[in-house]
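**Student:** take a look and give me a structure for this.
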Amino acid sequence: MQTPDGTLLTRSTAVLYLADRIGGWWRVLAKSIAVLPLWLLDRAYNGVARIRHRLFAKPQDLCPIVPPHLRQRFTDY
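**Tutor:** Residues are numbered from 1 along each chain as shown. Model (predicted):
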């Protein structure tokens, strides 16, 4: 993620930045978690990223995104 001033943020740093920008309790949570060491936060980020499909499953009725080279097959009848 890139901030408006051009800074590139990755992993937990990007998540904390976004939570801070959302505001409210997310800002409080971001500020309180930000005191932890970066290596620990990135490790937690990687752990959640590894199991994200089990945590946030795709809906079964979701339509697939058709790749550009196959779209013509579905529009020209």
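**Student:** buried residues, the longest helix belonging to the chain. List them.
**Tutor:** Counting residues, the longest helix found in the chain (DSSP state H) is helix 38-55. Neighbour counts using 16 or more other C-beta atoms under 10 Å place 41, 45 of helix 38-55 among the buried residues. Where you see a C-beta, it was placed from the backbone N, CA and C, and this is true even at glycine.
**Student:** for that helix, packing partners?
**Tutor:** Judged by 3 or more C-beta pairs under 8 Å, 6 or more residues apart in numbering; DSSP states H and E, helix 38-55 is in contact with helix 11-22.
**Student:** and Gln2, how many neighbours?
**Tutor:** When neighbours are counted by other C-beta atoms under 10 Å, Gln2 registers 9.
**Student:** in this model Ala14 seems to touch it, though I could be wrong.
**Tutor:** No: judged on C-beta atoms under 8 Å, Gln2 makes no contact with Ala14 at a distance of 9.3 Å.
**Student:** how much space separates Asp61 from Arg43?
**Tutor:** Separation of Asp61 from Arg43 (C-beta to C-beta, to the nearest Å) stands at 35 Å.
**Student:** which residues of the chain score low on pLDDT?
**Tutor:** Along the chain, segments meeting pLDDT under 70 span 75-77.
**Student:** any idea how far the residue most central in space within it is from Val48?
**Tutor:** When C-alpha atoms, centre = their mean is applied to the chain, the residue found nearest the centroid is Val15 (7.2 Å). Applying C-beta to C-beta, the value for Val15 to Val48 is 9 Å.
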